[in-house]
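**Q** the following comprises the amino acid sequence and a computationally predicted model.
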Amino acid sequence: MTEQELDKQYKKKKVFEDLKHDFKNAKEAKTSIDKIINEWNDAYYGKLPGMKNRSKYVAMEIAKQIELTKPNITEPFTNTSHPIRVTSSKDEKRSRITQKYLNSQFTSEFNRVEFMDKLVNLVYREGTAWVKSAWKFKEENVREVIPNATMDEILARGDVPDNIEEAGDNKFKVEYNSKKLIYNDPDAIICRNEHIFPDPGARTVEELRFLIYERQMTISEMKSSGRYTEDMIKKIEDKISATNRDDTTLGTQRDSDSLDYGNKIDYRTKDSARNKISILEYWGYYDLNGDGIAEPIFASWAKNEDINLVCEENDLPNANIPFYRTVYSDVPFSLWGNALAFFIEDGQKAKTGIYRGIFDNMALANNGQKFIRHGTLDYLNFKRLRNGEKHVFVNKEGMIEDGAFNSLPSSVFNVLQAVSKENEDMSGISSGGLALNSSQTNKDNESGQLTLAQQRMVSMVTNVSETMSKVFRDWINMANVFLEDKQIRALFTEQEQIDIASFENSEHMNITFKVATNAQIQVRLHNLNMLMQQAKALGETIPPELIRELVAEMFELFDMYDKAEALRTYQPAPDPMQQAISQENFKTLQLNNAKLEAEIMQIRSGIELNSSTVQKNILDGVAGAQYKKAQEAEKYSKADAHRTKTAFEPALAIAQIEKLMKERKTVWVLKQAKKNLSKK
C-alpha cells in the first residue's frame, strides 16, 4: 500500500471517529425524550396499575381521542384528487405543470392514505414525527433470446446484440440483455423516533449541523442500492451472525409492544440476502478537504458490526438534510414537541379513577340478592325459593327484600363531564360529533370565531401541510435530476414539454394544500351560490369572466377538475346570425366608403374645372383676383374637411360594431346600428 493510500485511509478513519462521536452524544442527549415518549405510549395503551381485588379498568381516553380525530385531520389530504396547489410569481406555466406532476405522484403513485394515517397517529401519540424525503428507483435485467433470426431482422431491430451465434441456413441465434425500469418515483418515509438522532446542539431545525438516521436494510437492498461495494458487504456478512442488538430504551419498548401484534424483531432468515442490517446514515456538514469550510456530506456505517462503509459528498440536488418534522405542540427552542398525552393524561387518569370507583361500588353492592327475615318461610318453601320453584309467600311487608346498587352522588357525574369537556377541547372532538361539523362551521362563519376544539383541529392540519410542502419541494428538485426522458414523455404533453424542460428553481414556487373538510366545502359552495345570486341581480355590471371563474371553482369543490379546466379555457363559437349581420354591415360600410370617395373625387374635379375661371378673374384686377382666391380657398377647406370626416367614419363604425358584438347585444341592436349608419 502506497503512502498516499495510507494517508487517505487514515483521514477516512479520522472522519468516522468524529462522526461516531457525534452519534454517541446525540444518542445520550435523546435519553430523556425517549423516556417521556415511552410514558406517552404507555398512556396510549392504557398501562396504568390497579389495586388487588379492585377494578383495573382504564378509560383509554387518549387512544379514543386520537382515533376519532385522525379522520378529520387526514380528510383534507385524501378526499380529493388534486389536494396540492403550486403557484409561482416567476413562471405560471412551470407552476401549473409542476402542480400536475405532484398531484399525479401523491394521489396515484404514492400510498397517501396509509402515509397520512401513520403520520397523524404518530404526531398525536409521540408529539413529534420525522419525515424523510426520498427517491425510489428499481430496474431489472431483461434477457431475450431469438433462436432463428435473419440478418435483415437483426439490422431492422437496431439494437446491438450481446451475443450472436450461427444457427444455420443464414440464420443466427441472438441474445439481447437490457434494463427494464420498474419504478423511478419520489417517496416519503415516516421515521421511527428511536431511529432519529439530531444534532444535540441545535435548538431549531435551521441550526442542525447533522442528523443521524438508523435504517434497516437487507443485504439484497445494499447490493442493489449502488452505494456499497462487494468488499463492504462481504465484511458485514462475515460478522452478521454475531450481531447483538443495541437499541435505545424507546426502541426496546416499541419492539416489546409489537410482539402483541405478530412482530419478531430479532427474526433471522437462513439465507443472508434477506437478513436485515442496522445502518447508520449521517446527513450533515463536515470539512472533508481541510479548507476550514464544512461541506454537505453523506456517510454510513454498520451499527452493530462497527464497519465503516461510505463517506462522500451529499449527492442530493439541494445537498440538504432531507428530514422534516411535524409536532403536535411545539416546545420553544427544542426539536421535539409534546404529545396529546401531555395535555390529557391527567384527564385520562381522573376518568379512570372515577370509573373504577363506580365499578367497585357496583361490584361490592348487594345487587341481585334477596334478604329474608328469619322465620318468614318454612324449610320447604325456602328450598322452593332457592330452586326457583313456586313457593308460599307470606303477605307481610318487609319480610323479603331485594338488594340493589348503591346510589351515587351527582357530583361524581359533574366531575366526569367536566373532565370529558376539557379533553374534547384539547383533541378537537366534541361529544356531539366532530369539531368541524357543518352546523358548527356555519355558526362560526357567522360569528367569525372558532371554538377551542376547532382551533386545535385547524392548527394540526396547518402543521402537517407545512411539513408536506417541504417534502414536495424536495420532490421537485429530485425530479429535475432523476426523471428519465421516457417518463417525461409519458407524463406530459408535447406542449408541456416545450413549456417546461425540467423542474428547477423550486424556491420561487409556493406549494400549498387545498385544505378543506367536507363541512368546509359545503360552506364554500353555499357562499358561492349566494355570490351567483347577487351576480344575477347585478346583471351586466358583472364581467362574464368572473361568473365563469365562480362556476369553475364550484366544479373544483365537487372534485371535477377536468370540467373546471375546460370551462376556464372554453372559447364560445361565434353565432352564425351575428357573423352574417357583421358581414352585411361590413359590406354596407364598404359601399358607404366608396360613395364618400366618389364624392371627394367629384369635388376635386369641380375645383379643377374652376381653375380656368380663376385665371380669367385675375386679369380683371387685384380686387377680383383676391375675391376668387378666397372662394377657392373656402372650397378647398370644405373639401378637405369633408374628406377627413368621411375617411374616419368607416373605422369608427367598424369599431362600434365590434364593441357591440363583444358585449353580445341582441340582433335588434345590430340592426339599429346598421340603420344609423345608412342615415349617415
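**A** That came in fine, so what should we check first?

**Q** helix/strand/coil for Gln417?
**A** With DSSP: H, G, I helix; E, B strand; the rest coil as the basis, Gln417 sits in helix.

**Q** count of neighbours near it?
**A** Using other C-beta atoms under 10 Å, Gln417 has 11 neighbouring residues. For the C-beta atoms, the positions are set from N, CA and C on the backbone; glycine is no exception.

**Q** report pLDDT for it.
**A** What the model reports as pLDDT for Gln417 is 85.

**Q** cool, the one 4 residues further on as well?
**A** Model confidence at Lys421, expressed as pLDDT, equals 82.

**Q** could we number from 474 for the rest of this?
**A** Okay, residue one is now 474; in that scheme the one you just asked about reads as Lys894.

**Q** distance of it from Ala532?
**A** Lys894 sits at a distance of 14 Å from Ala532 (criterion: C-beta to C-beta, to the nearest Å).

**Q** same question for Ala772.
**A** On the measure of C-beta to C-beta, Ala772 and Ala532 end up 47 Å apart.

**Q** more neighbours: which of Lys894 and Ala532?
**A** Remark: of Lys894 and Ala532, Ala532 carries more neighbours, 23 against 14, as counted by other C-beta under 10 Å.

**Q** did I read that right, the more buried one in a strand?
**A** No. Applying three-state DSSP, one finds Ala532 to be coil, outside a strand.

**Q** need the contact list for the closest residue to it other than its chain neighbours.
**A** Distance criterion C-beta to C-beta, 6 or more residues apart in numbering; nearest residue to Ala532, sequence neighbours excluded, is Lys824 at 4.0 Å. Counting by C-beta atoms under 8 Å, 6 or more residues apart in numbering, Lys824 touches 532, 534, 889, 892-893.

**Q** dump those to TSV, plus distance to Leu1064.
**A** Formatted as TSV, these follow (distance: C-beta to C-beta, whole Å):
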residue	distance to Leu1064
Ala532	93
Glu534	89
Leu889	93
Val892	91
Ser893	87
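
**Q** out of those, who's the most crowded?
**A** Glu534 (25 neighbours).

**Q** what is the neighbour count of the nearest residue to that one once chain neighbours are set aside?
**A** The shortest distance from Glu534 to any non-neighbouring residue, by C-beta to C-beta, 6+ apart, is to Gln821 (4.0 Å). Residues lying near Gln821 (other C-beta under 10 Å) number 24.

**Q** what helix or strand is Gln821 on?
**A** helix 813-836 (DSSP states H and E).

**Q** buried sites along that helix?
**A** Residues 813-818, 820-825, 827-829, 831 are the ones in helix 813-836 that count as buried (16 or more other C-beta atoms under 10 Å).

**Q** show me which of the residues you listed is closest to Lys749.
**A** Ala814 (30.6 Å; C-beta to C-beta).

**Q** could you verify my assumption that the closest one touches Ala516?
**A** Yes. With contact defined as C-beta atoms under 8 Å, Ala814 reaches Ala516; the gap is 4.4 Å.

**Q** intersection of neighbour lists for the two?
**A** 535, 821.

**Q** moving C-terminal of the helix or strand where Ala963 lies, what's the next helix or strand?
**A** Per DSSP H and E: Ala963 is located in helix 958-964. The helix or strand immediately downstream of helix 958-964 is helix 967-972, counting by DSSP H and E.

**Q** which residues sit against that next one?
**A** With C-beta under 8 Å, 6+ apart as the criterion, helix 967-972 contacts 566-567, 570, 573, 961-962.

**Q** where does the stretch 474-623 of the chain have low pLDDT?
**A** Low-confidence segments of the stretch 474-623 of the chain, defined by pLDDT under 70: 474-479, 562-563.

**Q** cheers, nothing more for now.
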